[in-house]
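[1] Any chance you could fold what I've pasted below:
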Amino acid sequence: MIHRLLVVEDNPLNCELLCDWLDTEGFAVDAASNLEEAFAANAKAKPHAILLDVQLGTEDGLTLASWIRNEPRYRSVPVIAVTAHAMLTDQHRVMQAGCNACVSKAIDFALLKDHLHSVLGDSVA
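    The predicted structure is shown next:
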């Protein structure tokens with residue numbers, strides 16, 4: 001099974017790096033650079049998981065995580081926060097918003113792969 005992931009990241013270089021790595025790992029990847037694009041992408045095709053930048057320019061990415069947890073159709077979609085905010089209080093806020101995990105930037109791809117395996121199951125390579 002090929003898992004479809006949505007990457008929500010406003011920095012084009014970070015987005016490209018993350019999408020390229022995910023593609024190499026065998027995932028189908030959609031990308032959004034802001035909340036409006038993220039909501040539209042969710043409506044178009046429900047992802048198996050979302051990788052979410054917490055700070056999207058002036059937008060709070062956790063708005064999307066909170067919305068997902070309150071929408072019955074999306075409630076089960078795992079959300080992994082990808083953030084430059086690595087303080088313990090930031091991670092607590094991420095988890096309170098409904099994220100399943102948090103990965104700090106610069107991204108540790110081995111850790112990210114472990115989180116993806118955890119939320120998507122044994123079918124992740």
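
[2] What's the separation between Ile68 and Pro12?
    Distance, Ile68 to Pro12, by CB to CB, to the nearest Å: 24 Å. C-beta coordinates here come from the backbone N, C-alpha and C atoms, glycine included.

[3] more crowded one of the two?
    Taking neighbours as other CB atoms under 10 Å, Ile68 and Pro12 compare with Ile68 leading, 23 against 10.

[4] residues touching that one, list them.
    Asn42, Ile50, Tyr74, Arg75, Val77, Val79, Gly98 (CB atoms under 8 Å, 6 or more residues apart in numbering).

[5] Helices along this protein, start to end?
    Per DSSP state H, the chain carries helices over the ranges 12-24, 35-44, 62-70, 88-96, 109-120.

[6] Contacts made by the longest one with the rest, please.
    Helix 12-24 has contacts (CB under 8 Å, 6+ apart) with Leu5, Val7, Glu9, Val29, Ala31, Ser33, Leu51, Asp53, Val82, Lys105, Ile107, Phe109.

[7] Can you pull up the most central residue in this structure?
    Closest residue to the average C-alpha location of the chain: Leu51 at 1.1 Å, with CA atoms, centre = their mean.
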